[in-house]
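**Student:** below are the sequence and a predicted model for it; my questions follow.
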Amino acid sequence: MSQLRVMHFMNQFFAGIGGEDKADNPVGVIDGPVGAGKRLQELLGKSAEVVVTAHCGDDYFAGHADQAIESIRKVAQDYNVSLIVAGPAFSSGRYGFSCAQICHAMSDLQGVVCITAMHPENPGLETYRQHKDENVYAIPAAKSAAGMGEALAKVARFALKIASHAEIGPSAQEDYIPRGIRKEAWATKDGAERAVDMLLAKIAGEPFTTEIPLESAETVPFAPAIAGLAKARIALATSSGVIVKGNPDNFKAHKNVQWKKYSIENKDTMTKADWDVLHSGFNNVFMKENPNFGIPLDASRDLEREGLFANLHPYFYTTSGCNASVPVMKRLGQEIVADMKAEKVDGVIMVST
Amino acid sequence: MVAIQLGASRVVTGTKIPNPCGDVNLPPADDRELRREIVKCALEALQTNLNSARTFIPKINFTSG
């Protein structure tokens, strides 16, 4: 059995570079295993060697994904690795995102298999499920680094299976998170018989395994109603791409990756002199003429004056939501909500197009 | 419909995609009144408890075209 050459990717924290203060650190390279990578090496034994550790600050990756990926790709090529282990990222969103992005980006390298590990609720898994790369596997891990030992054991077990060239079965039989890839397989009964068997099992209340799981959009719990609207602070938000005139923040009309909040303090209406619209998914002409179509400030001020709610939040939140990737938009949504919560916003009116 | 399918829980029907909160065919005062009804409907939605996702329809005339 030939020895697998492994690159281990970690964020700045797990690589021992530093905490949040070092989150802006660009990609760095260390020969051999570092930190948890040393334990990984022990578990891998002689079948695989962690020849290099690449690390990157969480914030650096979030802001410079393309450059970071390019640097890490070069490390993988220079060290001639055939296995990439990213993480474990546990429930850290930024770290999970970078691990999943790196695995996806390296998946086109010839003969390379990528393994990452994170908690099944880590938002990074959106990227993993979206790309469905044949040679990328995410191993379920605990929420926090308290589960490091267990996660490394699972990763090592999986890596050794890869090293042995054994066939990797479907996720139902192996210890990885489903990617949504369907493969052909031989069955002893035809489809009609299997469907009737499943139906009978379902009626009898017995367990059965569907062959075509429905892709379910993530279910979002309903926010409770606002009891005292008269005391509530209401914020306006939009994905229609209402932006400051002249686009000083460089929004993109499609595949946009950012959000901003803009002040509407002491303003009673949205005018075309102050605001612009940038969204390539609909005809912007009308909203450019009257940006109240996207941020209904004039009407909201009327209702604020009438006392239907206590006050309008002095900023509106905006992004341009055309052709955007789901993981990116999810991150933007989480960041916007965090800001709203910090600003004590009670309710949001979100205009989409 | 799309909003409900994507998991939004309180959905208010707007007028049209290029001008969800307004109607370019109306004179400015009527357009503002229509927008007021849409925002008012959204405020009502915020005060309503839900067991399942729901579409709220503002008291406006939906013009065609």
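**Tutor:** All right, it came through fine. Residues are numbered from 1 along each chain as shown, chains lettered A, B, ... in the order given.
**Student:** all strands for the chain, in order.
**Tutor:** As the question left the chain open, I've gone with chain A. In chain A, the strands defined using DSSP state E lie at A:4-11, A:28-31, A:48-56, A:83-86, A:113-118, A:136-140, A:233-238, A:242-244, A:259-263, A:275-277, A:311-319, A:347-351.
**Student:** my question was about chain B
**Tutor:** When secondary structure is read from DSSP E, chain B shows strands at B:10-12, B:54-56.
**Student:** closest one to chain A among those strands?
**Tutor:** Minimum separation from chain A across the strands of chain B (CB to the nearest CB) falls at strand B:10-12, 8.0 Å. Backbone N, C-alpha and C define where each C-beta goes, glycine included.
**Student:** buried stuff in that closest one?
**Tutor:** Buried positions in strand B:10-12, judged by neighbour count with 16 or more other CB atoms under 10 Å in any protein chain shown: B:10-12.
**Student:** and for stretch A:310-325?
**Tutor:** For stretch A:310-325, using 16+ other CB under 10 Å, the buried residues are A:312-313, A:315-322, A:324.
**Student:** what of stretch A:245-264?
**Tutor:** Neighbour count says stretch A:245-264 has A:251-253, A:256-257, A:259, A:261-262, A:264 buried, by 16+ other CB under 10 Å.
**Student:** now render those as CSV, adding pLDDT and distance to A:Gly191.
**Tutor:** Below are these laid out as CSV (pLDDT from 0 to 100; distance: CB to CB, whole Å):
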residue, pLDDT, distance to A:Gly191
A:Phe251, 96, 49
A:Lys252, 94, 45
A:Ala253, 93, 45
A:Asn256, 92, 43
A:Val257, 92, 43
A:Trp259, 97, 46
A:Lys261, 97, 53
A:Tyr262, 98, 55
A:Ile264, 97, 58
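**Student:** closest to A:Leu236 out of the buried residues of stretch A:310-325?
**Tutor:** A:Phe316 (4.3 Å; CB to CB).
**Student:** run a quick neighbour tally on the residue nearest to that closest one when sequence neighbours are not counted.
**Tutor:** Using CB to CB, 6 or more residues apart in numbering or on different chains and skipping the chain neighbours, the partner closest in space to A:Phe316 is A:Leu236 (4.3 Å). Using other CB atoms under 10 Å in any protein chain shown, A:Leu236 has 25 neighbouring residues.
**Student:** do A:Met350 as well
**Tutor:** A:Met350: 18 neighbours (other CB under 10 Å).
**Student:** which ones are touching the nearest residue to it once chain neighbours are set aside?
**Tutor:** Closest residue to A:Met350 apart from its sequence neighbours, by CB to CB, 6+ apart: A:Ala237 at 4.5 Å. Taking CB atoms under 8 Å, 6 or more residues apart in numbering or on different chains as the criterion, A:Ala237 is in contact with A:316-318, A:336, A:348-351.
**Student:** wait, which of those residues is closest to A:Gly19?
**Tutor:** For those, the nearest to A:Gly19 is A:Ile336 (25.1 Å; CB to CB).
**Student:** how close does that closest one sit to chain B?
**Tutor:** 15 Å (CB to the nearest CB, to the nearest Å).
**Student:** show me what contacts the residue lying closest to B:Asp30 once chain neighbours are set aside?
**Tutor:** In this structure, B:Asp30 finds its nearest non-sequential neighbour in B:Asp23, 7.8 Å apart by CB to CB, 6+ apart. Shown in contact with B:Asp23 (CB under 8 Å, 6+ apart): B:15-16, B:30-31, B:34, B:63.
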